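>>> sequence first, then the predicted structure:
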Amino acid sequence: GAVVSQHPSRVICKSGTSVKIECRSLDFQATTMFWYRQFPKKSLMLMATSNEGSKATYEQGVEKDKFLINHASLTLSTLTVTSAHPEDSSFYICSAVSTSQNTGELFFGEGSRLTVL
Amino acid sequence: KQEVTQIPAALSVPEGENLVLNCSFTDSAIYNLQWFRQDPGKGLTSLLLIQSSQREQTSGRLNASLDKSSGRSTLYIAASQPGDSATYLCAVLDTGRRALTFGSGTRLQVQP
């Protein structure tokens, strides 16, 4: 199946700093990628839809200025957690759908665990 | 708004048992339904994808069924093994929407 790579897989940062997480589709192009957040022992909650070449669409309750999303190419979307605080500690997972597929199957990255001290 | 529910939330079975995980969704206007496996601290592994026009999909010891009209899907695992221990997530893709809506998952523990 198609491969989605996330980096870094783990990051620890101090409160107040910003952290960037990358999501890459390695063997396919994706005009749309999705960013999810997962709290411990909870399911995935959609944060935003990342659209190549345009602004991201955020879900209700997600702060646009806190979670900056950039989708500059057909294979890369980035999520930047700005001025991170301990409550931003979570597991962030991206997913992508191939532009050449019409099955609607989504492929997921391995996730990035953010710990804010 | 689509809501996805998974029952049971947790399940512990002895090795070798056949088991069924349940998933229900409130809006039957779906494009497809996917079952995923998630190991602790890891990302998602896609297990089965069922298009809205399909009734079931099979992969090895896994069989997933879909009854769109009643808003239900089941994941059947035959001859369970300790390596099957993980959280199983059900997710639906709504018609016209491109992101998945996830259930809360079933945590499966298969005892050796």
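That came in fine, so what should we check first?
>>> what ranges do the strands span in the chain?
Using chain A here. With DSSP state E as the criterion, chain A has strands at A:4-7, A:10-13, A:19-25, A:32-38, A:44-51, A:57-58, A:67-73, A:76-81, A:90-97, A:106-108, A:112-116.
>>> can you look at chain B instead?
Secondary structure of chain B (DSSP E): strands at B:4-7, B:10-14, B:19-25, B:30-38, B:44-51, B:56-59, B:62-67, B:72-77, B:86-94, B:100-102, B:106-111.
>>> state the phi and psi torsions of residue 60.
Since you didn't name a chain, this refers to chain A. In this entry, A:Gln60 is assigned phi and psi values of phi -60, psi 130 (degrees, to the nearest 10).
>>> and the gap between it and chain B?
As defined by Cβ to the nearest Cβ, to the nearest Å, A:Gln60 lies at a distance of 10 Å from chain B. Just so you know, the C-beta spots here come from the backbone N, C-alpha and C atoms, and that holds for glycine as well.
>>> out of the strands of chain A, nearest to B:Leu21?
In terms of Cβ to Cβ, the element of the strands of chain A nearest to B:Leu21 is strand A:44-51, at 16.9 Å.
>>> related to what we said a few turns ago, let's have the strands of chain B in JSON lines, adding distance to A:His7 and mean pLDDT.
Formatted as JSON lines, the strands of chain B follow (distance: least, Cβ to Cβ, whole Å; pLDDT from 0 to 100):
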{"stretch": "strand B:4-7", "distance to A:His7": "29", "mean pLDDT": "95"}
{"stretch": "strand B:10-14", "distance to A:His7": "32", "mean pLDDT": "96"}
{"stretch": "strand B:19-25", "distance to A:His7": "31", "mean pLDDT": "97"}
{"stretch": "strand B:30-38", "distance to A:His7": "19", "mean pLDDT": "94"}
{"stretch": "strand B:44-51", "distance to A:His7": "17", "mean pLDDT": "92"}
{"stretch": "strand B:56-59", "distance to A:His7": "29", "mean pLDDT": "96"}
{"stretch": "strand B:62-67", "distance to A:His7": "30", "mean pLDDT": "97"}
{"stretch": "strand B:72-77", "distance to A:His7": "31", "mean pLDDT": "97"}
{"stretch": "strand B:86-94", "distance to A:His7": "23", "mean pLDDT": "94"}
{"stretch": "strand B:100-102", "distance to A:His7": "22", "mean pLDDT": "92"}
{"stretch": "strand B:106-111", "distance to A:His7": "28", "mean pLDDT": "96"}
